Every structure is written in C-alpha cells, then in structure tokens.
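Peer 1: sequence first, predicted model second:
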Amino acid sequence: MHVHLYTDGGSRGNPGPSASGAVIKTPKGKVIGEAMKYLGITTNNQAEYTAIIIGLEKAKELGAVKVDVFMDSELATKQLKGEYKVKNPEIAKRFLEVKNLIHQFDKVTFTHIYREKNKEADALVNKCLDDEGC
C-alpha cells in the first residue's frame, strides 16, 4: 500500500510544552490514520522528528510499503535527504530512529511543503497541546 504521511511538531516556547501529529492519507487524499503524542517540555525540532517517527510507525501498522512524507520543517527535510548535517545530539538520536524505521518500507520519500498545506497535522499538534496531553 502506498500512503502520504503529513507530519508536524510544535513547541510553545521552544523549548516548551510540545506535541507531535501525523496524518496518513491515501494518494487520493482520504484520511486512513492519525497519530499524536504529547511530549512535555522539548524543542520544536525534537517534536518535528517525533512526528515523523509516530507517523511512520502508524503507516507500518496500517500495512504501508511506500510512504511519501510531507512536512513543513525544512530543517528535518534537508537533514533526512542528506543535504544538511545533524549536529544536535538529541536530534541525532531521533534522526537515527527515523533512518531505522525507513528500512521497514520499500520506499520512503521526504518532501518539504508550506505550512498552509499541512493544516491537518498542525491541528493535531494544537489539539494535543490545548488538551495538555492526547
């Protein structure tokens, strides 16, 4: 199965209360899964990576073999495509988690999108933060 995964992470304060959200859709745009996680106090970049992790885990659970990941974090996109180095040790841990998860799929791509195109994943993050847990 081929899916589109939209991920977002947010932090109110950076670092501050943080959450991650992921929306999984068919290539035609039908939502088939969601994941969100409250992270406590952390940074927006850590939340972005956690969103990718929980999204890939949910995609695997749903039976996906090909995943196109869309996110509004230019930093994470460029790091995962090998265009930027990962220097932060906490991000490096999550980066390795993502790289290990990728091997469980036939193909995973990463694409940067503008925030306006990522409203559903962003809404999950804000719902999680507003509820102080999800």
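Peer 2: Thanks, I have the structure now.
Peer 1: list the buried ones in the longest helix anywhere in the chain?
Peer 2: Longest helix in the chain, counting residues (DSSP state H): helix 44-61. Burial within helix 44-61, assessed by neighbour count using 16 or more other Cβ atoms under 10 Å, is assigned to 44-56, 58-59. Just so you know, the C-beta spots here come from the backbone N, C-alpha and C atoms, and that holds for glycine as well.
Peer 1: with stretch 10-21 instead?
Peer 2: 10-11, 17-21.
Peer 1: phi first, then psi, for the nearest residue in space to Ala121 that is not next to it in sequence.
Peer 2: Computed as Cβ to Cβ, 6 or more residues apart in numbering, the closest residue to Ala121 that is not its neighbour in sequence is Asp8, at 3.8 Å. Dihedral pair for Asp8: phi -160, psi 150, per degrees, to the nearest 10.
Peer 1: if you average pLDDT over whichever helix or strand comes after the longest helix of the chain, what comes out?
Peer 2: Counting by DSSP states H and E, the element after helix 44-61 in chain order, helix or strand, is strand 66-71. Strand 66-71 shows an average pLDDT of 98 in the prediction.
Peer 1: just checking, what packs against strand 66-71?
Peer 2: strand 2-11, helix 44-61, strand 107-112 (3 or more Cβ pairs under 8 Å, 6 or more residues apart in numbering; DSSP states H and E).
Peer 1: with mean pLDDT added, can I get the ones you listed in a markdown table?
Peer 2: Formatted as a markdown table, these follow (pLDDT from 0 to 100):
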| stretch | mean pLDDT |
| --- | --- |
| strand 2-11 | 98 |
| helix 44-61 | 98 |
| strand 107-112 | 98 |
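Peer 1: next, format the ones you listed as TSV and append distance to Cys128.
Peer 2: Shown next, in TSV, are these (distance: least, Cβ to Cβ, whole Å):
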stretch	distance to Cys128
strand 2-11	9
helix 44-61	10
strand 107-112	23
